[in-house]
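S.K.: everything below, folded, please.
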Amino acid sequence: MKTILYATDYSKNSSAALKYAHALSTRLKARLLVIHVFDYPTLLDHLNFKAEDPFPGIEGDAFKKHNAKLQEFCKSTLDGEMDTLNIETAALEGKSVEDAIVSKAKEIDAFMIITGMKEGSALREVLLGSTTQNLLEKSPCPVLSIPADAGDIRIKTIVYATDFEEEDLGAIDKLTELAKPFKAKIRIVHLSNPQRAITEVQKKLLEEKLRKHIEYSPMEFDFLSSEDVFTDLKLYLGMANADMIAMLEREHKSLASHLFHRDMVKRMEGYGRVPLMCFNAKNYGIFHF
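M.R.: Numbers count the residues shown, from 1 in each chain. All right, here's what the predicted structure looks like:
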């Protein structure tokens, strides 16, 4: 059985993300594990060696308190009792939120990690540093960010945006595991600027390669060449009635490509209109085929 890991920090967007995660796990017939990462202070936190608990039992008390809060959050958000909601909860202690989530995801072999999408800001357009972005760089599985205004789960069209490299094959193949239960269409849109626009022959070869490796019929292919890829991609999402957008996050030897992917993933998360699924390219090399 697949396992979905939902990590909450009780922020403004947490409730919408939990509702989405619960509905998605039900539809996929997957196990849902809801976690919260906390840190408790010690009297020696400022020193560079392992501190002992300042009071006996503080660790046990902290776990009890955070587990109780987590269960109450789930019950109030989903309007039900824990024994009928078919979910599990776990409070985790850790200095690094991202490391704790990643460790748990590896432990349970998570199918995906779900988080609430943070509100965009001018600073987020320029700098990395969000929990979601840092999490993605370490995650062993896809990370799905849910906007605050996400309504009832509806996945009829998923847009996978890319300028295409080999790692996309593995990511798209993984994406079909989400699309199949919904019988959702995957629209693969190739992005480029006019200076790097591909030819009709290249378009045909690209589509043939994808269909050779990806056994999923409801796939369509579009090619978008623009000086302002981000703006035109937003327009494309509206035209396609996208219920989710998926993208690959990768490091690349080419500075232009590196900045393109990093900036696009950040800006699409800040866009915050539809759920955003991100794949770490390190998990989807060509040797997966």
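S.K.: the strands in the stretch 51-200 of the chain, which residues?
M.R.: 88-93, 112-116, 143-146, 157-162, 185-192 (DSSP state E, counting those that start in this stretch).
S.K.: isn't A30 right up against F111?
M.R.: Yes. Using C-beta atoms under 8 Å, A30 is in contact with F111, at 6.3 Å. For glycine as for every other residue, the C-beta is placed from the backbone atoms N, C-alpha and C.
S.K.: switch the strands of the stretch 51-200 of the chain over to TSV; also include mean neighbour count and distance to F73.
M.R.: Below are the strands of the stretch 51-200 of the chain laid out as TSV (neighbours: other C-beta atoms under 10 Å; distance: least, C-beta to C-beta, whole Å):
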stretch	mean neighbour count	distance to F73
strand 88-93	17	9
strand 112-116	26	12
strand 143-146	26	15
strand 157-162	23	29
strand 185-192	21	33
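S.K.: out of those, which gets nearest to K204?
M.R.: Of all those, it is strand 185-192 that lies closest to K204, at 12.1 Å by C-beta to C-beta.
S.K.: low pLDDT regions in the stretch 1-150 of the chain?
M.R.: Along the stretch 1-150 of the chain, the model assigns pLDDT under 70 to residues 40-60, 118-132.
S.K.: hey, what's in contact with both of A30 and F111?
M.R.: Listed as contacting both A30 and F111 by C-beta atoms under 8 Å, 6 or more residues apart in numbering are 2-4.
S.K.: check contacts around A197.
M.R.: A197 sits next to S225 when contact means C-beta under 8 Å, 6+ apart.
S.K.: next one: it from I245, what distance?
M.R.: Distance of A197 to I245, computed by C-beta to C-beta, to the nearest Å: 22 Å.
S.K.: just the CA coordinates of whichever strand or helix holds G238, formatted as PDB?
M.R.: Per DSSP states H and E, G238 falls inside helix 229-240. Taking C-alpha atoms only, helix 229-240 is exported to PDB below (Å, rounded to 0.1, in the frame of the first residue of the first chain):
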ATOM      1  CA  VAL A 229       7.800  31.800 -19.900                       C
ATOM      2  CA  PHE A 230       6.400  32.300 -16.400                       C
ATOM      3  CA  THR A 231       3.600  34.700 -17.500                       C
ATOM      4  CA  ASP A 232       2.700  32.600 -20.500                       C
ATOM      5  CA  LEU A 233       2.700  29.400 -18.500                       C
ATOM      6  CA  LYS A 234       0.200  31.000 -16.100                       C
ATOM      7  CA  LEU A 235      -2.000  31.700 -19.100                       C
ATOM      8  CA  TYR A 236      -1.600  28.200 -20.400                       C
ATOM      9  CA  LEU A 237      -2.700  26.800 -17.000                       C
ATOM     10  CA  GLY A 238      -5.900  28.700 -17.200                       C
ATOM     11  CA  MET A 239      -6.500  27.700 -20.800                       C
ATOM     12  CA  ALA A 240      -5.900  24.000 -19.900                       C
END
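S.K.: check which residues of it are buried.
M.R.: For helix 229-240, a neighbour-count test (16 or more other C-beta atoms under 10 Å) marks 229-230, 233-234, 236-237, 240 as buried.
S.K.: that one packs against which elements?
M.R.: strand 157-162, strand 185-192, strand 219-225, helix 255-271 (3 or more C-beta pairs under 8 Å, 6 or more residues apart in numbering; DSSP states H and E).
S.K.: make it 6 Å
M.R.: strand 157-162 (3 or more C-beta pairs under 6 Å, 6 or more residues apart in numbering; DSSP states H and E).
S.K.: dump the strand it packs on to PDB, restricted to CA.
M.R.: Extracted in PDB, the C-alpha atoms of strand 157-162 (Å, rounded to 0.1, in the frame of the first residue of the first chain):
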ATOM      1  CA  THR A 157      -5.900  17.700 -16.000                       C
ATOM      2  CA  ILE A 158      -2.300  17.700 -14.800                       C
ATOM      3  CA  VAL A 159       0.200  20.000 -16.600                       C
ATOM      4  CA  TYR A 160       3.800  18.800 -16.600                       C
ATOM      5  CA  ALA A 161       6.000  21.800 -17.500                       C
ATOM      6  CA  THR A 162       9.600  21.200 -18.700                       C
END
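S.K.: quick check: mean pLDDT across it?
M.R.: Averaged over strand 157-162, pLDDT sits at 92.
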